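> need coordinates for the following:
(chains A and B)
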Amino acid sequence: MGELEGFYALWYREMKVFTREKSRIVSSLINPLLWIIVFGGGLGSAVSVGGVNYQVFIFPGILTMTILFSSVFFGLYIVWDKKIDFFKEVLVAPLSRTTIFAGKMVGGSIDALIQGAAMLAFGVVLGINYSLLGLILAFLFMFILASALVSLGLIIGSNMESVEGFQLITSFLVFPMFFFSGALFPINGLPGYLLVFTVLDPVTYAVDGLRGLILGSSQLPIALDLLILTAFASVMIAVGTWSFGRLK
Amino acid sequence: MARAVETDGLTKRYGDLLAVNALGISIDEGEIFGLLGPNGAGKTTTLSMLATLLKPTSGTARVNGYDIQRQPAEVRQSIGIVFQDPSSDDVLTGWENLYLHALMFGVPRNERRQRIERVLGLVDLQDRANDIVKKYSGGMRRRLELARGLLHNPRILFLDEPTLGLDPQTREHIWEYIENLVKAENVTVIITTHYMDEADRLCDRVAIIDHGQVVALDAPSALKSKVGGEIIKLRVRSPKVEPLKDLDYVLSIDQSGSTLLLTVESASAHLQEILSLVGEVDSVEVRSPTLNDVFLHYTGREIREESGEGGVVERIARVRSRR
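Residues are numbered from 1 along each chain as shown, chains lettered A, B, ... in the order given. Next comes the predicted model:
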């Protein structure tokens, strides 16, 4: 009971902070919208992929990018929390580190999911017709992706003392994860050097799965995407729990 | 009387630095106990170990009867802490900060609202409870954190430098609040401070700490009487110290440049003779000993009040620059 309420407390805080910082929500959506409207619209006037307009083709990829960026950068807040003593207040509570990690992780994932939902809504403007099942499964994909990447952000954040250090490490991770994921190009017929990184990039499977669910055109079976993504998330959550256990 | 805290050879070592050196103190239930010493004396390290935030290198302690090594969860549940730096979330309201704490510390659902109202009342923040903490002054934020420390009915409240960086008037207020809530909630309070006046004003007993060790421990009045006599502070252009050393009522002499600090028995009776011996005197001050003199007496140094640690105001400024 105590742990459950502690978990709720941590989530409650993340929600309050999230809803109070409206500028953060707005700014987190500007970047993906620019990608879709300017990059997708510009290139889409000349290019289509497999019969789909390029702007629509990259939509699931940009949706994934929204989750990717906001999830990993959520880890920055733990660096802030450590800088101020608020984190001490949490650490001194009679709660297990697993609970603290879980509260943060779910809090951050739901933040990312809300941004993902806003992006999905924008998809209607692009003329995308969602099926109910597709939408439900898309949320499942987004949540698993977010929990993996929020965990990744928290792992980095819990091992970092400075904001600059965090930003340096994450930009080395986040941008390659985005570019290699096939968010902007189809992954069949890639040259070998590119394919290696794309296959190794866990975000690839989120893009592929979401593209399958939203546009009906995935390269891999969606179940396989889901399996790989879940495995990735499990590892990240396990490592995250472990690194929170080491926090002082 | 039951013991609130009992330490046994409590030691913390950072590499070559012995931050806390085989500390052995016992603190009674219901007292306000002060750990007084300069910055870096090991006060906060001691407090962190007692609060189970830091593992001792060796030795142990019992807090409310629980072993800090073997029963950390029980220790945490039974203590409240107000940290040196602001530790409330400034994006949340005062009320939300307290609600969060109530959830994390397992205050039963049916008592939460009532407890929050009560502690808010103790620090006179009911009117501002729904304001975002960012809008609070440094003193209000301290009060909120005092209230929060008490929320889950702890038996011991730890206060780490409770008035660091606050202006004199606000400090006075905070002291009054601390005294009031000790009475109202019947808790043991353990304060770390490097302010003499704070220790003198608030504490039933004070442990003077230097280099991780207790150099003296007693009630402030008893400590001061141990220094003996009174203090005569003289400013003399070229002081002649030698003749003073032969006077048996002069207990100690400290010279720094043209300032002489004498500890003297029956100072007023002997002032005339001292003045005639010491040279051309610019100013004289006779006073009773303070805890600063006690510290000087035991360590040969003064606790400097202005030192490296930043005040709350600049910390808040730093914290506000986030997000």
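> so the residue nearest the centre of chain B versus B:Gln84, what's the distance?
Central residue of chain B (C-alpha atoms, centre = their mean): B:Thr193, 2.4 Å from the mean position. Noted for B:Thr193: a distance of 10 Å to B:Gln84, by C-beta to C-beta, to the nearest Å. No exception for glycine: its C-beta is placed from N, CA and C like everyone else's.
> strands along chain A, start to end?
Secondary structure of chain A (DSSP state E): strands at A:48-49, A:52-53.
> off-centre distance for the last one?
If I follow you right, that is strand A:52-53. Distance of strand A:52-53 from its chain centroid, counting by C-alpha atoms, centre = their mean, to the nearest Å, is 25 Å.
> contact partners of that strand?
With contact meaning C-beta atoms under 8 Å, 6 or more residues apart in numbering or on different chains, strand A:52-53 is reached by A:44, A:215, A:217.
> strand partners of it, parallel vs antiparallel please.
When pairs are called by DSSP bridges, strand A:52-53 turns out to pair with strand A:48-49 (antiparallel).
> show me the shaky parts of chain B.
In the predicted model of chain B, residues B:1, B:303-323 satisfy pLDDT under 70.
> give the other helices and strands that the biggest helix by length in chain B contacts.
Across chain B, the longest stretch assigned as helix under DSSP state H is helix B:168-185. Packing contacts for helix B:168-185, counted by 3 or more C-beta pairs under 8 Å, 6 or more residues apart in numbering or on different chains; DSSP states H and E, involve helix B:109-122, helix B:138-150, helix B:196-202.
> so which elements touch the helix or strand just after that helix?
Sequence-wise, the next helix or strand downstream of helix B:168-185 (DSSP states H and E) is strand B:188-193. Helices and strands touching strand B:188-193, by 3+ C-beta pairs under 8 Å, 6+ apart, are strand B:3-14, strand B:26-28, strand B:32-36, helix B:43-50, strand B:156-160, helix B:196-202.
> identify the residues contacting strand B:188-193?
With C-beta under 8 Å, 6+ apart as the test, strand B:188-193 has contacts from B:4-5, B:27-36, B:43-44, B:46-47, B:50, B:155-163, B:178, B:182, B:198-199, B:202-203.
> that strand - which strands sit beside it in the sheet, and in what orientation?
strand B:32-36 (parallel), strand B:156-160 (parallel).
> got the angle between that strand and helix B:138-150?
140 degrees (axes from the mean of the first three to the mean of the last three C-alpha atoms, to 10 degrees).
> what about B:Val20, helix or strand, and which?
strand B:17-23.
> and that strand, which residues are buried?
Within strand B:17-23, the residues scored as buried using 16 or more other C-beta atoms under 10 Å in any protein chain shown are B:18-21, B:23.
> that one versus strand B:32-36: what angle between them?
140 degrees.
> so what touches strand B:17-23?
Residues contacting strand B:17-23 (C-beta under 8 Å, 6+ apart): B:7, B:9-13, B:42, B:45-46, B:49, B:56, B:59, B:211-214.
> could you do stretch A:213-232 as well?
A:50, A:52, A:56-57, A:59-60, A:63, A:123, A:128, A:130, A:134-135, A:137-138, A:140-141, A:144-145, A:148, A:186-188, A:202, A:205-206, A:208-209, A:211-212.
> change it to 6 Å
Residues from elsewhere that reach stretch A:213-232 (C-beta atoms under 6 Å, 6 or more residues apart in numbering or on different chains): A:60, A:134, A:137-138, A:144, A:148, A:187-188, A:202, A:205-206, A:208-209, A:211-212.
> again, but for stretch B:120-129
Contact with stretch B:120-129 is made by B:94-95, B:143, B:146-147, B:177, B:181, B:184, as judged by C-beta under 6 Å, 6+ apart.
> which one of the residues you listed sits closest to chain A?
When those are compared for distance to chain A (C-beta to the nearest C-beta), B:Trp95 wins out at 11.1 Å.
> ok, the closest one - contacts?
If you count contacts by C-beta under 6 Å, 6+ apart, B:Trp95 has them with B:129-130.
> please apply the same query to B:Asp160.
B:44, B:47, B:83-84, B:192.
> those residues: which two are farthest apart?
Farthest apart among the contacts of B:Asp160 by C-beta to C-beta are B:Phe83 and B:Thr192. That separation is 10.7 Å.
> can you give me the neighbour number for the residue in the stretch 151-300 of chain B positioned nearest to chain A?
Closest residue of the stretch 151-300 of chain B to chain A, C-beta to the nearest C-beta: B:His152 (9.1 Å). Neighbourhood size, B:His152 [other C-beta atoms under 10 Å in any protein chain shown]: 22.
> same thing with B:Lys134?
Neighbour tally, B:Lys134, other C-beta under 10 Å: 15.
> swap in B:Ser58?
11.
> how about the contacts made by the closest residue to it other than its chain neighbours?
Closest residue to B:Ser58 apart from its sequence neighbours, by C-beta to C-beta, 6 or more residues apart in numbering or on different chains: B:Thr11 at 4.6 Å. B:Thr11 makes contact with B:20, B:22, B:57-59, according to C-beta under 6 Å, 6+ apart.
> which one of these is nearest to B:Gly139?
B:Val20 (30.5 Å).
> how near is the spatially closest residue to B:Arg13 that is not a sequence neighbour to B:Lys183?
Sequence neighbours aside, B:Thr57 is the residue nearest to B:Arg13 in space, at 4.4 Å (criterion: C-beta to C-beta, 6+ apart). For B:Thr57, the distance to B:Lys183 (C-beta to C-beta) stands at 38 Å.
> the two: which is more packed in?
More crowded of B:Thr57 and B:Lys183, by other C-beta under 10 Å: B:Thr57, with 14 against 9.
> my read: the more buried one touches B:Tyr14, true?
No. With contact defined as C-beta atoms under 6 Å, B:Thr57 does not count as touching B:Tyr14 (8.7 Å).
> any idea how far the nearest residue to B:Thr93 once chain neighbours are set aside lies from B:Gly138?
Nearest residue to B:Thr93, sequence neighbours excluded (C-beta to C-beta, 6+ apart): B:Asn130, at 5.2 Å. As for B:Asn130, its distance to B:Gly138 is 20 Å (criterion: C-beta to C-beta).
> what about those two, which has more around it?
B:Gly138 (19 against 10).
> hmm, the top helix by length along chain A touching chain B?
If you go by DSSP H, chain A has its longest helix at helix A:97-125. No. Residues of helix A:97-125 contacting chain B under C-beta under 6 Å from any C-beta of the partner chain: none, with a closest distance of 9.1 Å.
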